[in-house]
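# Any chance you could fold what I've pasted below:
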Amino acid sequence: MEKSVQLSRISTRAPDALQKKSVKKETRKLKKAIARLQNILYAEGRHSLLVVLQGMDASGKDGAIRHVFNRVNPQGVKVVSFKVPTPEEAAHDFLWRIHAHAPARGMIQIFNRSHYEDVLITRVHGWIDDATARRRMQHINHFEQLLLDHQTTILKFYLHISREEQDKRLEERLKNPEKRWKYSPSDLQEARKWHDYLHYYEEVFDTCSPDIPWTIVPADQNWYKAYVIADAVHRALADMHLRYPRRSHLKSSKPTSH
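As a prediction, the model looks like this:
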(Lines give C-alpha, C1' and ligand atoms only; values in the text may rest on other atoms or scores of the structure.)
Protein backbone atom coordinates (compact mmCIF):
# COMPACT_ATOMS: atom_id res chain seq x y z
CA MET A 1 0.00 0.00 0.00
CA GLU A 2 1.32 3.43 -0.95
CA LYS A 3 2.13 5.68 1.99
CA SER A 4 0.14 8.87 2.33
CA VAL A 5 3.32 10.86 2.97
CA GLN A 6 6.39 10.34 0.77
CA LEU A 7 9.15 12.59 2.01
CA SER A 8 11.22 12.23 -1.15
CA ARG A 9 8.45 14.07 -3.03
CA ILE A 10 8.23 16.99 -0.59
CA SER A 11 10.48 20.02 -1.01
CA THR A 12 12.87 20.92 1.77
CA ARG A 13 12.87 24.59 0.75
CA ALA A 14 10.49 27.54 0.90
CA PRO A 15 8.19 28.20 -2.07
CA ASP A 16 10.00 30.28 -4.69
CA ALA A 17 7.39 33.05 -4.54
CA LEU A 18 8.15 33.91 -0.92
CA GLN A 19 10.48 36.74 -0.02
CA LYS A 20 12.82 36.14 2.90
CA LYS A 21 12.54 39.70 4.21
CA SER A 22 8.73 39.74 4.30
CA VAL A 23 8.54 36.25 5.83
CA LYS A 24 10.94 37.23 8.62
CA LYS A 25 8.85 40.33 9.29
CA GLU A 26 5.71 38.20 9.57
CA THR A 27 7.53 35.79 11.89
CA ARG A 28 8.36 38.65 14.25
CA LYS A 29 4.67 39.60 14.38
CA LEU A 30 3.72 35.99 15.08
CA LYS A 31 6.22 35.73 17.92
CA LYS A 32 4.78 38.84 19.57
CA ALA A 33 1.29 37.38 19.26
CA ILE A 34 2.47 34.03 20.66
CA ALA A 35 3.95 35.79 23.69
CA ARG A 36 0.68 37.62 24.32
CA LEU A 37 -1.43 34.47 23.99
CA GLN A 38 0.96 32.45 26.13
CA ASN A 39 0.46 34.96 28.91
CA ILE A 40 -3.31 34.43 28.74
CA LEU A 41 -2.82 30.63 28.53
CA TYR A 42 -0.80 30.76 31.75
CA ALA A 43 -3.27 33.05 33.54
CA GLU A 44 -6.35 31.08 32.51
CA GLY A 45 -4.85 27.72 33.45
CA ARG A 46 -7.35 25.61 31.50
CA HIS A 47 -5.45 24.49 28.41
CA SER A 48 -1.92 23.41 27.57
CA LEU A 49 0.18 23.02 24.44
CA LEU A 50 2.62 20.24 23.58
CA VAL A 51 5.06 20.93 20.73
CA VAL A 52 6.87 17.86 19.39
CA LEU A 53 9.98 18.42 17.25
CA GLN A 54 11.45 15.52 15.31
CA GLY A 55 13.93 15.40 12.47
CA MET A 56 17.23 14.09 11.25
CA ASP A 57 20.45 15.12 12.98
CA ALA A 58 21.25 18.77 12.19
CA SER A 59 17.68 19.51 11.05
CA GLY A 60 17.64 22.51 13.40
CA LYS A 61 15.48 21.53 16.37
CA ASP A 62 17.50 23.56 18.89
CA GLY A 63 17.56 26.61 16.65
CA ALA A 64 13.81 26.41 16.04
CA ILE A 65 13.14 26.43 19.79
CA ARG A 66 15.39 29.44 20.36
CA HIS A 67 13.98 31.37 17.43
CA VAL A 68 10.25 30.76 17.82
CA PHE A 69 9.95 30.96 21.59
CA ASN A 70 12.49 33.64 22.51
CA ARG A 71 9.76 36.16 23.40
CA VAL A 72 7.73 33.81 25.60
CA ASN A 73 7.81 34.25 29.38
CA PRO A 74 10.25 31.55 30.61
CA GLN A 75 7.85 30.73 33.46
CA GLY A 76 5.28 29.49 30.96
CA VAL A 77 7.38 27.23 28.74
CA LYS A 78 9.47 24.12 29.40
CA VAL A 79 11.81 22.23 27.09
CA VAL A 80 12.95 18.64 27.49
CA SER A 81 15.31 16.66 25.27
CA PHE A 82 14.93 12.90 25.14
CA LYS A 83 18.21 11.10 24.62
CA VAL A 84 19.32 7.53 25.38
CA PRO A 85 17.19 6.24 28.29
CA THR A 86 18.88 6.10 31.67
CA PRO A 87 18.99 2.72 33.46
CA GLU A 88 16.00 3.79 35.58
CA GLU A 89 14.02 4.88 32.51
CA ALA A 90 14.88 1.69 30.64
CA ALA A 91 13.54 -0.35 33.56
CA HIS A 92 10.05 1.10 32.97
CA ASP A 93 7.70 1.08 29.99
CA PHE A 94 8.86 3.34 27.15
CA LEU A 95 6.27 6.05 27.87
CA TRP A 96 7.09 6.32 31.58
CA ARG A 97 9.75 8.99 31.12
CA ILE A 98 7.60 10.83 28.56
CA HIS A 99 4.44 11.08 30.63
CA ALA A 100 6.33 12.74 33.47
CA HIS A 101 6.92 15.73 31.15
CA ALA A 102 3.40 16.12 29.78
CA PRO A 103 2.41 19.80 30.06
CA ALA A 104 0.43 21.01 33.03
CA ARG A 105 -2.57 23.24 32.32
CA GLY A 106 -1.42 26.74 31.49
CA MET A 107 1.95 25.57 30.13
CA ILE A 108 3.70 25.15 26.80
CA GLN A 109 5.88 22.04 26.79
CA ILE A 110 8.40 21.43 24.00
CA PHE A 111 9.79 17.97 23.24
CA ASN A 112 13.16 18.09 21.47
CA ARG A 113 12.88 14.55 20.16
CA SER A 114 10.16 12.58 21.86
CA HIS A 115 8.33 9.29 22.39
CA TYR A 116 8.63 8.77 18.64
CA GLU A 117 12.32 7.93 19.05
CA ASP A 118 11.11 4.62 20.51
CA VAL A 119 9.61 3.61 17.16
CA LEU A 120 12.27 5.24 14.96
CA ILE A 121 15.88 4.76 16.02
CA THR A 122 14.92 1.49 17.71
CA ARG A 123 13.72 0.13 14.36
CA VAL A 124 16.56 1.55 12.28
CA HIS A 125 19.02 -0.30 14.52
CA GLY A 126 16.89 -3.42 14.88
CA TRP A 127 16.49 -3.11 18.64
CA ILE A 128 12.77 -3.92 18.40
CA ASP A 129 10.83 -5.97 15.87
CA ASP A 130 7.89 -4.81 13.75
CA ALA A 131 5.31 -6.38 16.06
CA THR A 132 6.70 -4.49 19.06
CA ALA A 133 6.79 -1.29 17.03
CA ARG A 134 3.14 -1.65 16.04
CA ARG A 135 2.13 -2.17 19.67
CA ARG A 136 4.14 0.87 20.70
CA MET A 137 2.46 2.99 18.06
CA GLN A 138 -0.93 1.99 19.41
CA HIS A 139 0.23 2.95 22.91
CA ILE A 140 1.36 6.30 21.49
CA ASN A 141 -2.09 6.85 20.00
CA HIS A 142 -3.75 6.14 23.35
CA PHE A 143 -1.24 8.34 25.19
CA GLU A 144 -1.85 11.28 22.88
CA GLN A 145 -5.61 10.82 23.13
CA LEU A 146 -5.26 10.96 26.91
CA LEU A 147 -3.46 14.29 26.59
CA LEU A 148 -6.18 15.61 24.28
CA ASP A 149 -8.79 14.62 26.85
CA HIS A 150 -6.83 16.70 29.38
CA GLN A 151 -7.25 19.86 27.25
CA THR A 152 -3.77 19.55 25.74
CA THR A 153 -3.33 20.61 22.13
CA ILE A 154 -0.56 18.65 20.38
CA LEU A 155 1.51 20.00 17.50
CA LYS A 156 3.92 17.59 15.83
CA PHE A 157 6.61 18.91 13.50
CA TYR A 158 9.00 16.94 11.31
CA LEU A 159 11.89 19.20 10.27
CA HIS A 160 12.49 18.13 6.69
CA ILE A 161 16.02 18.81 5.43
CA SER A 162 17.80 17.53 2.36
CA ARG A 163 20.71 15.16 2.62
CA GLU A 164 22.94 17.81 1.06
CA GLU A 165 21.96 20.36 3.70
CA GLN A 166 22.55 17.83 6.48
CA ASP A 167 26.05 17.11 5.13
CA LYS A 168 26.76 20.85 5.07
CA ARG A 169 25.60 21.37 8.65
CA LEU A 170 27.47 18.35 10.01
CA GLU A 171 30.65 19.61 8.36
CA GLU A 172 30.06 23.04 9.90
CA ARG A 173 29.91 21.43 13.33
CA LEU A 174 33.48 20.23 12.83
CA LYS A 175 34.80 23.55 11.53
CA ASN A 176 32.94 26.09 13.68
CA PRO A 177 34.27 26.25 17.28
CA GLU A 178 30.89 27.52 18.49
CA LYS A 179 29.14 24.45 17.12
CA ARG A 180 31.83 21.79 17.60
CA TRP A 181 30.36 20.76 20.95
CA LYS A 182 27.32 19.43 19.08
CA TYR A 183 29.36 17.05 16.98
CA SER A 184 29.40 13.34 17.74
CA PRO A 185 31.10 10.61 15.68
CA SER A 186 27.76 8.79 15.69
CA ASP A 187 26.28 11.62 13.59
CA LEU A 188 27.97 10.32 10.45
CA GLN A 189 26.97 6.74 11.23
CA GLU A 190 23.34 7.78 11.61
CA ALA A 191 23.49 9.86 8.41
CA ARG A 192 24.36 6.70 6.47
CA LYS A 193 20.99 5.27 7.52
CA TRP A 194 19.15 8.16 5.85
CA HIS A 195 16.75 6.06 3.77
CA ASP A 196 15.93 3.76 6.69
CA TYR A 197 14.94 6.76 8.79
CA LEU A 198 12.78 8.15 5.99
CA HIS A 199 10.99 4.81 5.66
CA TYR A 200 10.15 4.57 9.34
CA TYR A 201 9.19 8.23 9.61
CA GLU A 202 6.70 7.73 6.79
CA GLU A 203 5.24 4.75 8.59
CA VAL A 204 4.87 6.83 11.76
CA PHE A 205 3.07 9.55 9.81
CA ASP A 206 0.57 6.98 8.53
CA THR A 207 0.05 5.07 11.78
CA CYS A 208 0.32 7.35 14.78
CA SER A 209 -2.67 9.41 15.89
CA PRO A 210 -4.22 10.27 12.50
CA ASP A 211 -6.40 12.90 14.21
CA ILE A 212 -3.23 14.72 15.27
CA PRO A 213 -1.46 15.17 11.92
CA TRP A 214 2.20 15.96 11.47
CA THR A 215 3.37 19.19 9.90
CA ILE A 216 6.20 18.55 7.44
CA VAL A 217 8.39 21.65 7.77
CA PRO A 218 10.78 22.48 4.90
CA ALA A 219 13.89 23.11 6.99
CA ASP A 220 16.79 23.84 4.66
CA GLN A 221 16.24 27.57 5.28
CA ASN A 222 16.00 28.52 8.93
CA TRP A 223 13.94 31.66 8.29
CA TYR A 224 11.17 29.64 6.63
CA LYS A 225 11.31 26.84 9.18
CA ALA A 226 10.76 29.36 11.99
CA TYR A 227 7.83 30.93 10.16
CA VAL A 228 6.01 27.62 9.58
CA ILE A 229 6.35 26.60 13.23
CA ALA A 230 5.44 30.04 14.58
CA ASP A 231 2.37 30.22 12.35
CA ALA A 232 1.13 26.81 13.54
CA VAL A 233 1.77 27.62 17.21
CA HIS A 234 -0.06 30.94 16.88
CA ARG A 235 -3.07 29.32 15.22
CA ALA A 236 -3.21 26.59 17.88
CA LEU A 237 -3.21 29.13 20.70
CA ALA A 238 -5.76 31.34 18.93
CA ASP A 239 -8.07 28.34 18.43
CA MET A 240 -8.19 27.82 22.21
CA HIS A 241 -10.23 31.06 22.54
CA LEU A 242 -8.23 32.02 25.61
CA ARG A 243 -9.56 34.55 28.09
CA TYR A 244 -8.11 36.17 31.17
CA PRO A 245 -10.02 34.83 34.19
CA ARG A 246 -12.62 37.18 35.67
CA ARG A 247 -12.04 38.37 39.22
CA SER A 248 -15.11 36.48 40.43
CA HIS A 249 -13.53 33.22 39.21
CA LEU A 250 -10.30 33.67 41.15
CA LYS A 251 -9.92 31.58 44.24
CA SER A 252 -9.52 33.44 47.48
CA SER A 253 -6.07 33.15 49.02
CA LYS A 254 -7.53 33.66 52.52
CA PRO A 255 -7.69 30.53 54.67
CA THR A 256 -11.16 29.29 55.48
CA SER A 257 -12.27 28.91 59.07
CA HIS A 258 -13.31 25.54 60.48
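# Select the helix or strand of this structure having the lowest average pLDDT value.
For the chain, counting by mean pLDDT, DSSP states H and E, helix 186-191 ranks last in confidence among helices and strands (a mean of 86).
# How far does the host helix or strand of residue 136 sit from its chain's centre?
Taking DSSP states H and E as the criterion, residue 136 maps to helix 130-149. Chain-centre distance of helix 130-149: 17 Å, with C-alpha atoms, centre = their mean, to the nearest Å.
# just stretch 89-97 next, same as before
20 Å.
# Which of the residues in that stretch are classified as buried?
Residues 94-95, 97 are the ones in stretch 89-97 that count as buried (16 or more other C-beta atoms under 10 Å). For the C-beta atoms, the positions are set from N, CA and C on the backbone; glycine is no exception.
# and which of those is nearest residue 232?
When the buried residues of stretch 89-97 are ranked by distance to residue 232 (C-beta to C-beta), residue 95 comes first, at 24.4 Å.
# Grab the nearest non-local neighbour of the closest one.
Here the nearest residue to residue 95 in space, its sequence neighbours aside, is residue 143; by C-beta to C-beta, 6 or more residues apart in numbering that works out to 5.6 Å.
# show me the contacts for that neighbour.
If you count contacts by C-beta atoms under 8 Å, 6 or more residues apart in numbering, residue 143 has them with 95, 98-99, 115.
# again, 10 Å this time
Taking C-beta atoms under 10 Å, 6 or more residues apart in numbering as the criterion, residue 143 is in contact with 95, 98-99, 102, 115, 208-209.
# Now do the same for it: its pLDDT.
For residue 143, the pLDDT comes out at 97.
# now swap in residue 258 and tell me
You'll see residue 258 listed with a pLDDT of 44.
# That concludes my questions; thank you for your assistance.
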